[in-house]
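Enquirer: Provide a 3D model corresponding to the input given below.
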Amino acid sequence: MRTTYLVCYDITEDKRRDRVFKTCKNHGEHLQFSVFECDLNPSELARLQRELTAVILQSEDQILFVSLGASEGRGDRVIAALGKPYTKLDAPCYVV
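Expert: Below is the predicted model:
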């Protein structure tokens with residue numbers, strides 16, 4: 001069964017933050033600067049956590065995994081925003 005997680009991070013050093021961003025991008029959808037939405041099964045979650053553990057400095061950095069529950073049968077995602085409106089990033093890309 002797949003579970004949806006918000007993966008949020010606070011990384012103190014730019015190089016590590018870039019590596020965390022790239023790692024998360026391979027596993028989910030980028031929502032904000034340091035927030036990803038990831039639909040993962042238990043083995044994918046463990047893999048992502050291992051990959052991120054190898055990147056971060058445990059004494060300075062933090063990554064949070066917020067479980068939003070089962071991915072299937074949950075209905076459409078609903079995101080409410082304050083301030084700047086949320087815009088879905090599923091727009092097609094055009095290469096010129």
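Enquirer: For the helix ranked longest in the chain, buried residues please.
Expert: Counting by DSSP state H, the longest helix found in the chain is helix 42-55. The neighbour-count check on helix 42-55 (16 or more other Cβ atoms under 10 Å) flags 44-45, 48, 51-52, 55 as buried. In short, each C-beta sits where N, CA and C put it, glycine included.
Enquirer: the strands in this protein, which residues?
Expert: 3-10, 29-32, 35-40, 62-70 (DSSP state E).
Enquirer: Dump those strands to TSV, plus mean pLDDT and distance to residue 22.
Expert: As requested, the strands of the chain are exported to TSV (pLDDT from 0 to 100; distance: least, Cβ to Cβ, whole Å):
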stretch	mean pLDDT	distance to residue 22
strand 3-10	94	12
strand 29-32	92	11
strand 35-40	95	11
strand 62-70	91	14
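Enquirer: Next, format those strands as JSON lines and append mean neighbour count.
Expert: Output for the strands of the chain, formatted as JSON lines (neighbours: other Cβ atoms under 10 Å):
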{"stretch": "strand 3-10", "mean neighbour count": "19"}
{"stretch": "strand 29-32", "mean neighbour count": "14"}
{"stretch": "strand 35-40", "mean neighbour count": "19"}
{"stretch": "strand 62-70", "mean neighbour count": "13"}
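Enquirer: nearest to residue 85, of these?
Expert: Between residue 85 and those, the tightest spacing by Cβ to Cβ is seen for strand 29-32, at 12.6 Å.
Enquirer: which residues does residue 61 contact?
Expert: Contacts for residue 61 (Cβ atoms under 8 Å, 6 or more residues apart in numbering) come out as 9-13, 16, 20.
Enquirer: Quickly name whichever of the residues you listed is closest to residue 71.
Expert: Of these, the one sitting nearest to residue 71 (Cβ to Cβ) turns out to be residue 9, at 21.1 Å.
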